[in-house]
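Student: What shape does this take:
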Amino acid sequence: MPEIVRIVPHIAFAVDDLDEALKGREILIAPTEPSAGVRVAFILDDGAPIELLQFYRTKAVRPKTRHAAEKALHLTTARAQKANAVAGERERWMVYPTVAQATIGSST
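Tutor: Purely as a prediction, here's the structure:
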C-alpha cells in the first residue's frame, strides 16, 4: 500500500464504471474486489489520494427448490434408515455374553 494512502486522509467517490473512471489517471492501487459486488481502486488527483468505488449486483446463488431439498433430505434419511436396519440385523445375529453365561461354570 502506498505511503500516501496510509498517511493522508482521502475521499471516496462511487462511479458507474470503474475502468472508465481510471482511464488517463495515475493509479495508486489497482482495482481490487474486497467483497462481492464492490470494486475499489485508488488514484492520485492533484496530489491527493482518491478512492473510487464501483458497486454492482452479484449473481445470487439460487437456493435449491423446496422439492429438490425435500428429495435430498428423503434420500439422506432413507440411507440412514437402511444403514441402521443393516446394523440392527448384524446385532441381532451377534452373540453377546450375558452375566448368566459368564457365571456358568465358575466356581463359587
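Student: so residue 44 touches residue 4, yeah?
Tutor: Yes. In this structure residue 44 lies within contact range of residue 4 using Cβ atoms under 8 Å: 7.2 Å. All C-beta atoms are positioned from the backbone trio N, CA, C, and that covers glycine.
Student: For the two, indicate the residue with more neighbours.
Tutor: Neighbour totals were compared for residue 44 and residue 4, and residue 44 leads with 17 against 14 (other Cβ atoms under 10 Å).
Student: What residues does the more buried one make contact with?
Tutor: 4, 25-26, 28, 50 (Cβ atoms under 8 Å, 6 or more residues apart in numbering).
Student: Among the residues you listed, which lie within strands?
Tutor: Of those, the ones assigned to strands by DSSP state E are 26, 28, 50.
Student: Got the domain ranges for the chain?
Tutor: According to automatic domain parsing, the chain comprises the domains 3-55, 62-94.
Student: per-stretch mean pLDDT over these, give me the minimum one.
Tutor: Lowest mean pLDDT within the domains of the chain: domain 62-94, a mean of 58.
Student: Turn the buried ones among the ones in strands among the contacts of residue 44 into a named PyMOL selection, would you?
Tutor: What follows is the PyMOL syntax selecting those of those that are buried according to 16 or more other Cβ atoms under 10 Å:
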select buried, resi 28+50
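Student: Tabulate the ones in strands among the contacts of residue 44 (CSV), appending distance to residue 14.
Tutor: As requested, the ones in strands among the contacts of residue 44 are arranged in CSV below (distance: Cβ to Cβ, whole Å):
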residue, distance to residue 14
26, 20
28, 18
50, 12
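Student: what's the closest of the ones in strands among the contacts of residue 44 to residue 15?
Tutor: residue 50 (10.5 Å; Cβ to Cβ).
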